[in-house]
Structures are given as structure tokens and as C-alpha cells.
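Q: Okay, here's the prediction I keep looking at, along with the sequence it came from:
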There are 2 protein chains.
Amino acid sequence: MWTKHPPNCMSERESKPRGPYDELRAELRETDLFASIGAVLSWDQETMLPDRGTGLRAEQLALLSQVVHERRTSERFGALLAESEADESLRDDELARANLREIRRSYDQAIKLPSSLVREIAETTTLSIHAWRGAREKSDFSAFAPWLEKVVGLDRAKAECLATEDAPDLYDALLDQYEPGADTAELVAVFTDLRKRLAPLIHDVTGAARQRSDRVHRIEVPIEAQKAFNAKVAARVGFDFEAGRLDTSTHPFCQGVGPGDTRLTTRYREDGFFDALSSTLHETGHGLYEQGLPKDRYLGEPLGDPVSLGIHESQSRLWENLVGRSREFWKWALPEAQREFSPALDDVALEEVYGAMNLVQPNLIRVDSDEATYNLHIMLRFDLERAMLSGDLAVADLPAAWNDRIKTDLGLDVPDDRRGCLQDVHWSMGSIGYFPTYTLGNLYAAQLWLRIQSDLPDLPDSIAAGDFTPLLAWLRREIHVHGRRYTAPELCERATGAPLSADAFMNSLEGKLRPLYAA
Amino acid sequence: MWTKHPPNCMSERESKPRGPYDELRAELRETDLFASIGAVLSWDQETMLPDRGTGLRAEQLALLSQVVHERRTSERFGALLAESEADESLRDDELARANLREIRRSYDQAIKLPSSLVREIAETTTLSIHAWRGAREKSDFSAFAPWLEKVVGLDRAKAECLATEDAPDLYDALLDQYEPGADTAELVAVFTDLRKRLAPLIHDVTGAARQRSDRVHRIEVPIEAQKAFNAKVAARVGFDFEAGRLDTSTHPFCQGVGPGDTRLTTRYREDGFFDALSSTLHETGHGLYEQGLPKDRYLGEPLGDPVSLGIHESQSRLWENLVGRSREFWKWALPEAQREFSPALDDVALEEVYGAMNLVQPNLIRVDSDEATYNLHIMLRFDLERAMLSGDLAVADLPAAWNDRIKTDLGLDVPDDRRGCLQDVHWSMGSIGYFPTYTLGNLYAAQLWLRIQSDLPDLPDSIAAGDFTPLLAWLRREIHVHGRRYTAPELCERATGAPLSADAFMNSLEGKLRPLYAA
């Protein structure tokens, strides 16, 4: 680290850059310092912040958002970008062209948003997250409704700024922030395909005569011991703890602050050992991507940034589901866990864990859901948030709409809003357009996995031996190292040889679940 | 909190301020948001930051320092200040006059420092703190020496900017940042008086036939249980955990981030229950001051700021020493601790704890030292840092000079630099001029305590009953609520009726120690 940021970097900064592109990059880097400060504050807000510090934090984050936005939309920045694009010496520099393509993309979006709106969104959502947390605890939707109203209004205002004559759809405008280039019509098509195969599979499996036991999900393991084990597994799969942390929060997340600083959280229950480990593997997947991005070289530049949330999520899903629910993984992990927690897991057999990790059981809670029904949760949120954005669904009617849909899709009755429409933080953050990237992540992960299996024929053996190095090396090479050099569809094509579809996901899921539930 | 920072404060900000003074205050408030962000990052650096995140953190903190400095020295700010000073309508507003006096003072100092120097100091010291930490761990002064060289050089550069023709002394210029208005000659006089009475007292007590047992300092108490107890005591004396935290760090500190967010750290050893509690009481004293300052009303303004480090330290010393080493405190705390940690402390008697809390025993480590010998540590640092600043003492010669002086003053041999000149973080932070405020804090605390005892005749009884409300109310009223309205000497005169001297401190110490060590 020391060599990357030598104490004499003052003088480096003061030395004259070579041209507009270097100045542009220096500007991006400095702006990203403010953004990375915001990342620390957000992490702190979720894990450390005293209750009464929320007001100050809202102002701090709002101010940082405004600074970042003003710098990213300044006249000087726009001029440097235009000069860089016109710079003939970069004509054949493929990396520079990719960088400029994405800088242009972000700039063209950013200048559509007034700075006051950006600041207002940041300030309001910090407070609204706080309100959501209180309302969720008390299962009191009415305490959150005015905030949701405000936040949906701000999302709409933002979408109206971002939408263009060519692309007038408000939801598309929001979606594009998380999954650049994706559009609603495309998503609807993929989701329709997915539902067509998913619904009968869920129907068959949940109705099968043979059911898997969930006994292991009730075994109690002391939380302090779980913490040590989760950290050990995260380190084993490749997370660098010299450059990151693993903490506890209500809603697990990964915050990539910057080079050398990636922060994961997970959550523990005494009778939730297997859930906690899943959640840790999920966040570790995000964290490995963050640690694998070339941020040291390209801090603040698209070449050092993740491609899209769908691709980000593919990395977490791959570790959580394709590794973490596999028989091979548990061949290694179960004896490790048994040794660590003896005698709690002594009488647990590999097949029992494998069955329990692949239980299909409709659940009120998205993050507690299995690989199959999970996607129905996403489709529900995708539909309801589009309806709220368009105004077809009033915020006040959200709980009823939610509960109806849970009944239809999952056959469950929602007993309270805490386990209904108050369960997720996203809407309180103003993140309409975010949810569908979760299902995109599932689909990308499965399609990548198919290719990985053919590229690495020894993978099952190495995973069963607790050696995750070949897998991580593949991901580093094919995904992480590229930053935003390629778009998500390009990256998918390059890595897997085909455009994204629901096929790999459904084939993999059917191939796993049908035998597990066969009579 | 919500009512203080309503979500519609955007519109407040956008509404036209009434005059230059209001604009000046708004500007100070926004600048302080950046400073408060820096406070969160500094806290995080000491408690949470992954090792490899140090480089990025250095850049983040340097950037924030620069932003804060540029805002505090901008032409616009200077113009607003001058207009406010000229504003006739404020002529009789005593609070505004006090505020403007201190804003002017800070501004006149700040404009003397070039922005590049401020940024360089911030960046270098973040890295140098990291280097110090590594060097201290390995007791390797040579690894720290080049950093100390750099930092002393930067301190000298800063002092040269701040010194004036009227006040050319470089050390005075640095001291003034921490203890506004104090000067070296004055300190030398007070310290000389202090040493005159302290040296014979230490001599008599350490040579007394009767010695106190330190047995209780070796009793082991599990750390997790200590954590709960320390938090309980901090809350009991009045620290508001809805607006603050208590964590663990190598070097205990208090970080006042802003309204609603004050963060304490302490440190634990299994055989260090009494030390940990002392350290917690110390930091809680700082924290109570931070929480008692009127930051909600005056965020970023002198009226919401602490007076000086000496006064800040008086608050921590008062709780650590005058409360926490008193018989009355332990009348309440010992039974509480015995209940909590039973059977570990079952056979401990009140007099044994009282004796052990007031042991006088020269110690290599400043923060482990008793109330009496502690001040010799400060005088040593005061002399050596002045010598380094002036160039009379080369950085390379620091360990030898340190060790000689420890031998002369405390009669101890320094076995390694970890327990010698590498023990404190301050110099790595570029904080030359900071140390003497610790002894000032001791003296202020004793002088305040004398007055408190006469104002609150029932204090011993209420402390023995675990009721700290009257004491905290006195401190809130006489010290905390005033922010920087009065200078430190004024505040001392107002609260105690006399200028600062070493008398109250020495009288109190002699009155306590001589009976304890009498044959």
C-alpha cells in the first residue's frame, strides 16, 4: 500500500499532467475520494452510528453527494472530457476508449440532475432509512408511508430528469442507473420465460411426496463461535482481511470503500448457522469482486468500477448458491464445522445438509427464500415498484397489494408488514429499479457457472478439498480484472459465448431439485 | 434529533439569510460538516480500518483537511467576517461578540497556513501514525525516525507560518492551537512551582515505610464482562448512549463527531479491571463535555466548541481522578463490581481499592502512571518536544535523551523504546504543543473540584449513592454550556474565583497521599 500512495504524492499531484485525459483521470480520482468517504459513512450508519447521530449523518451524506455531483458535472470536467474524446493520440488506445465511453455515459446522465435534487435525495433517504428501520421494528407501515411517499416522489423527479425523448420510460431511466443499458421490456420478456419454467418446478417440488428435512436449520450454535467460523470461511474462499472487514448488521451488505478497504456484514442467530454462512458467502462474493477490481490503478475511473449490479450480484450468487449449496462445498465445510462446533453438528450427515441447503419452501421473507421462490419475490417487487412509480399504485395501498400478490404467488398469508412490504431497505433508500438486478444476478451466475464447469473440469474435487483458488482465478481473469471495460452483455458473451437467458439457471435448478425431491 | 434537522432543511438553507452574520454562521456550519466527516474517518482509522486501507484513508483525510482549510480561509469568508464585525446591530449582542472574537482569532491563524501545507500535514500524519503503530509494536525506533523527522519538520514549517513579529516563539505558536493564549514562559513558571512541591511529595511517599498493596491490580476479570460494566458506569455518570458509543482501541480516546454522535474508546486487559475503568471514566469525562456543548444550536461556531484542550482535559481528569479515585466513588462502585464479577472481587475491601487506586509508583508508561508522577512525564515531553522543534535535539538522539530523563526523574531504566519514546501517538500526529495541556487539565480539575466541593456540600453522599446528577449539572452549568464564550483563564476565574495555579492540585494530592502513606 505504501508504495501506491507514497507520502510524496503531494508533489506528484502538483506536477503537470500530460494532457486533458490525464487531468480528467486525476479529477475523477479526487472526486472518487469524496465518494469513498461517503461509502465509509454509509457503512458506519448501518453498523456503528448512534441513534441520535442520524440527523448529522443525513447532512454529511447530503453534502458529500452534492460535492461529488457538482464535480462530476462541472464545466471544467465536461471540457476535459470533450478534449479527451477529441485527442487523436488516444484513438487506438482501447482501454482509454472504453474508459471514455463510460465516463461520457455517466456524465451525460449526471448533467441531467440538478445538484439540489441530488442533495435532497441524499438527505431525505438517510432520514427515511432511519424511519424505515423504526417502522419495520414496530411493524408500523403508517410511520413509514409519508417517507415512502417522499422518496417515490424524489425517484420520480429523478426519472423525469433522466428520461429522454428517445427513451421516455421513467422506470427504464431508473433501472439504467443500476443495470446500464437494460430496459423494462427486455426484463419483462426474460422474467416471463423464467416464470414459465419456474412456476411448475416450484409446484412440483413443493407438492412432491418426498420432502427434505429442515432439522439442521434448528440446531443451535453459539454466535461468537459462528463469527469466527464465518470469518474463516470468508478468508478461505479468498477474501483478504488485510484489506477488509466482516461485521454484523440487520441487513447484510458489502461496501467497497476503495482500494484496501472492502467491508462485509452478515447476521447471526443461534439457530441460524446455515443461514449466516449463506449470507456470508453471498457478501464475500461481492467482496471478492470489489477486491478484484483494479482500483489501485483506476481509482474513480470506469476501468476500476464494477460493470453493473446484475454482474455484481452474479458474483455473490455464484458463491452463495452455486458453491455454497453444492454437495462438494459441504464435503469440505461440514467436517470443518463439526470440528469447530462439536458436539452440536456431530450427528449431521452430508446428505442432510445438502437437502436442507436446497429446501424449497415459500417464505415471507425474500432474503430467507430458497433459490427457486426467491425470484418470485423479485418479480413482485419489480411489478409493484413500477406501479408506484407510475402512480398506478398509491403508497397507501402498498401493503394490500403486497399481501395479495404474496398470496397469489407463494400461497402465504402476510401476518404483519414487518414480514411484508416493510422487510427490505431498498425503497427507503430510493432505490426503485434495483430489485430486478438480483434476478439478473441469479441468471448471470448460472450461465457463468456452466462455462466455469467446462473450463475447470477438476473444480468439484478442488472445492471438496477446500481449495477455491482455481475458481477465484477464473473469476478474477474473466470478470473482475476488466472493471467496466465491457458492458454487461458484452462481458457475458465474452465469458460464456452466449447472450443472457434464463436457460442455464432453469436447467441447473431443475437438474438439482428434481432428483432431490424425486419419490 | 428529527426536529433539529428536519428533512425540509434544504429549503431553510435556500431561504435568504438575514445578514452577513447569518451567512457567516451558515458557512461555518457547512464547513464543520466536512470537519465532522473527518472526525468519523479518524475514529474509524483507530478502531475499524483494515491495514491496507491506510493509503486511501490518508488521501481522504488530506482532502478533507484541505477543503476545510480552504473554506475557512476563503475571501468570501473573510469578507463575511469583516462585515459581521462591522455590523452595528450586533454591537450589544454579547454572544455574537464572543463568537466573532473567536472566529476572528481562528481566521487570523488559518490564513497564515498555505493550503498545500495543511493537506501535506494531514496526509503525512495519517501515514506516520500507521508507521508509529508498526514501529511501536516492534519497538523499532529506526522505523519511525524518518517519519518523526518529517513530522517535526512539518510542525516547524507550520509554526514558522503562525509565529509573528510580536510573538516569534515557534513553540508558543503551536501551543496556542491547543491552549489559546497560553505561552511557554507561563507554563514553565507553573510547571516549576508544581515540580517544587511534587518532587518532595513523590520522594516521601515512594520512600515511606508504609506501602499500599497493588494486589487488586492483578485480579483477573473476563473482558466481555468488563465491557458491559464499563458501559454501565459510563451511562450511570451521565454519558448518553443514544448519542454515543464506547469501543476498544489501543490508545483510548474520545471523538466528538458532532451533535448526537460522541465516541469513546477504552482498552481492556483481563488483569486490568481497575485500569480499564479509570480509562473509561477519563474518556467519559471528555464525552460528557462533548455531549454538554451546545452543538445543536451552534454547530461549527465557537459558541458550540470546547474552550481549550486544558479545559477539555480538566473534564476527563475530574472524572478519572477526583471522582474515580475517591473513597466515595468506590463505596458505590465496589459492591456493584463485586455483584457483577462474583466471585472475583469478593474478598476485596473498600480500603484496599482506595489504596490501590492511589498507589504512587513511578511507571515507564505515562498513561499507566499515578496522579503524582504523571506530571513528571508531561514535563519530560514538554522539554523534549521543545528541543526537537528548536533543533537542539536531533530526532536520532531522542531515545537516549528520553531514557536519561526517565532515569533522572523517575529512577527507572527504559528497557526498550516501546516503553520509552515510542509509547505515545501524539508526535506521530504532529501534535507538538499538545502534551502540556494534560497537566493544565490536572490543575484546572483540582481547582474546579475545590469549588464544586464548597458549592455542593452533599456531593460525597450523592457520589457514594451512585448519584452523579448534581455534579454533572454543575459542570454543565459552569463549563459545558458556555462553549468558547469565555477564554480558558476567564472560565477558570468565573467558575473558581481565582486564576489557575498549582495550589489546589498540590493541596488535594498532599491531603490525600500523605495520610495514605503515613506510618
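A: Done, it's in.

Q: Any regions of chain A where pLDDT drops low?
A: Along chain A, the parts satisfying pLDDT under 70 run over A:1-17.

Q: quick one: secondary structure of the residue nearest to the spatial centre of it?
A: In chain A, the C-alpha nearest the mean C-alpha coordinate belongs to A:E313, at 4.5 Å (CA atoms, centre = their mean). Following DSSP: H, G, I helix; E, B strand; the rest coil, A:E313 is assigned to helix.

Q: swap in A:R210?
A: coil.

Q: separation between it and chain B?
A: The gap separating A:R210 from chain B is 45 Å, by CB to the nearest CB, to the nearest Å. C-beta coordinates here come from the backbone N, C-alpha and C atoms, glycine included.

Q: Hmm, that residue is touching A:L513, no?
A: No - judged on CB atoms under 8 Å, A:R210 makes no contact with A:L513 at a distance of 11.5 Å.

Q: between the two, who's got more neighbours?
A: Legend: neighbour count by other CB atoms under 10 Å in any protein chain shown for A:R210 and A:L513, higher for A:L513 (22 against 10).

Q: Do I have it right that that one meets A:N358?
A: Yes - between A:L513 and A:N358 there is a contact under CB under 8 Å: 6.7 Å.

Q: ok, and the closest non-adjacent residue to the residue in the stretch 101-250 of chain A that chain B sits nearest to?
A: Chain B sits closest to A:A243 of the stretch 101-250 of chain A, with a gap of 4.0 Å, by CB to the nearest CB. Spatially, and ignoring its direct neighbours in sequence, A:A243 is nearest to B:R52 (4.0 Å; CB to CB, 6 or more residues apart in numbering or on different chains).

Q: sec struct for the one you found, please.
A: helix.

Q: State the distance from the residue nearest to the centre of chain A to B:L334.
A: 55 Å (CB to CB, to the nearest Å).

Q: wait, what's in contact with the residue of the stretch 101-250 of chain A closest to chain B?
A: Neighbouring residues of A:A243 by CB atoms under 8 Å, 6 or more residues apart in numbering or on different chains: A:259-262, A:291, B:50-53.

Q: swap in A:T487?
A: By CB under 8 Å, 6+ apart, the neighbours of A:T487 are A:180-181, A:307-308.

Q: one more time with 6 Å
A: Shown in contact with A:T487 (CB atoms under 6 Å, 6 or more residues apart in numbering or on different chains): A:G181.

Q: now it: how far from A:A159?
A: 22 Å.

Q: With A:Y268 instead?
A: 38 Å.

Q: Buried residues of the biggest helix by length in chain A, list them for me.
A: Longest helix in chain A by number of residues (criterion: DSSP state H): helix A:20-47. For helix A:20-47, burial by neighbour count (16 or more other CB atoms under 10 Å in any protein chain shown) applies to A:20-21, A:23-25, A:27-29, A:31-47.

Q: Just give the closest residue to A:S369, not the sequence neighbours.
A: In space, A:S369 is closest to A:N363, 4.6 Å off (CB to CB, 6+ apart).

Q: residue contacts, A:S65?
A: A:118-119, A:122.

Q: Chain B contacts on the stretch 151-300 of chain A?
A: Proximity of the stretch 151-300 of chain A to chain B, by CB under 6 Å from any CB of the partner chain, involves residues A:242-245, A:258-261.

Q: Buried ones among those residues?
A: A:243-245, A:258-261.

Q: Okay, and which of these map to strands?
A: A:244-245, A:258, A:261 (DSSP state E).

Q: In the residues you listed, find the pair that's most separated.
A: Distance extremes for those: the farthest pair is A:R245 and A:G258 at 13.5 Å, using CB to CB.

Q: Which residue ranges of the stretch 251-400 of chain A form helices?
A: A:273-292, A:295-298, A:309-317, A:327-341, A:350-357, A:374-390, A:398-410 (DSSP state H, counting those that start in this stretch).

Q: Give me the contact list for the first one.
A: The list of residues contacting helix A:273-292 from outside it, by CB under 6 Å, 6+ apart, reads A:217, A:221, A:226, A:230, A:234, A:237-240, A:252, A:254, A:256, A:262, A:264, A:266, A:268, A:315-316, A:318-320, A:324, A:476, A:480.

Q: residues in chain A within reach of chain B, list them.
A: A:1, A:4-5, A:7, A:10, A:33, A:37, A:50-56, A:59-60, A:63, A:120, A:124, A:127, A:242-245, A:258-261.

Q: Counting neighbours, what do you get for A:R297?
A: Around A:R297 there are 12 other residues, counting by other CB under 10 Å.

Q: Can you tell me the element A:V67 falls in?
A: For A:V67, the element it lies in under DSSP states H and E is helix A:54-72.

Q: name the helices or strands packed onto the helix or strand just after that helix?
A: Moving toward the C-terminus from helix A:54-72, the first helix or strand encountered (DSSP H and E) is helix A:75-86. Packing partners of helix A:75-86 (3 or more CB pairs under 6 Å, 6 or more residues apart in numbering or on different chains; DSSP states H and E): helix A:20-47, helix A:94-110.

Q: List the buried residues of helix A:75-86.
A: By 16+ other CB under 10 Å, the buried positions in helix A:75-86 come out as A:77, A:80-81, A:84-85.

Q: Kindly reformat those residues as CSV containing distance to A:N507.
A: Formatted as CSV, the buried residues of helix A:75-86 follow (distance: CB to CB, whole Å):
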residue, distance to A:N507
A:F77, 46
A:L80, 48
A:L81, 44
A:S84, 45
A:E85, 43
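
Q: Let me see the contact set for A:T265.
A: A:247, A:249, A:252-253.

Q: The nearest residue to it once chain neighbours are set aside: neighbour count?
A: Closest residue to A:T265 apart from its sequence neighbours, by CB to CB, 6+ apart: A:S249 at 4.0 Å. The local packing of A:S249 (other CB under 10 Å) involves 16 other residues.

Q: Looks like A:S249 contacts A:Q45 (just checking).
A: No - contact status for A:S249 versus A:Q45: not in contact, 9.8 Å apart, counting by CB atoms under 6 Å.

Q: Number of residues surrounding A:K112?
A: Quick note: A:K112 (other CB under 10 Å) scores 16 neighbours.

Q: thought it was touching A:E160?
A: No - using CB under 6 Å, A:K112 makes no contact with A:E160, being 9.5 Å away.

Q: what's the angle from the helix or strand encompassing A:R133 to helix A:54-72?
A: With secondary structure defined by DSSP H and E, A:R133 is part of helix A:115-137. Angle, helix A:115-137 to helix A:54-72, by axes from the mean of the first three to the mean of the last three CA atoms, to 10 degrees: 150 degrees.

Q: continuing past helix A:115-137, what's the next helix or strand?
A: Counting by DSSP H and E, what follows helix A:115-137 is helix A:141-162.

Q: how does chain A divide up, domain by domain?
A: Here the domain parsing of chain A from automatic domain parsing is A:15-162, A:184-516.

Q: Save these as TSV, and put in distance to B:P343 too.
A: As requested, these are exported to TSV (distance: least, CB to CB, whole Å):
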stretch	distance to B:P343
domain A:15-162	35
domain A:184-516	23
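
Q: Among these, which comes closest to B:S369?
A: Using CB to CB, the domains of chain A put domain A:15-162 closest to B:S369, at 31.6 Å.

Q: starting at the chain centroid, how far to the closest one?
A: Using CA atoms, centre = their mean, to the nearest Å, the mean C-alpha position of domain A:15-162 is found 17 Å from that of the whole chain.

Q: and if you look at stretch A:421-440?
A: 10 Å.

Q: Also stretch A:299-312?
A: 12 Å.

Q: Between the two ends of it, how far is it?
A: Start-to-end span of stretch A:299-312 (CA to CA, to the nearest Å) is 18 Å.
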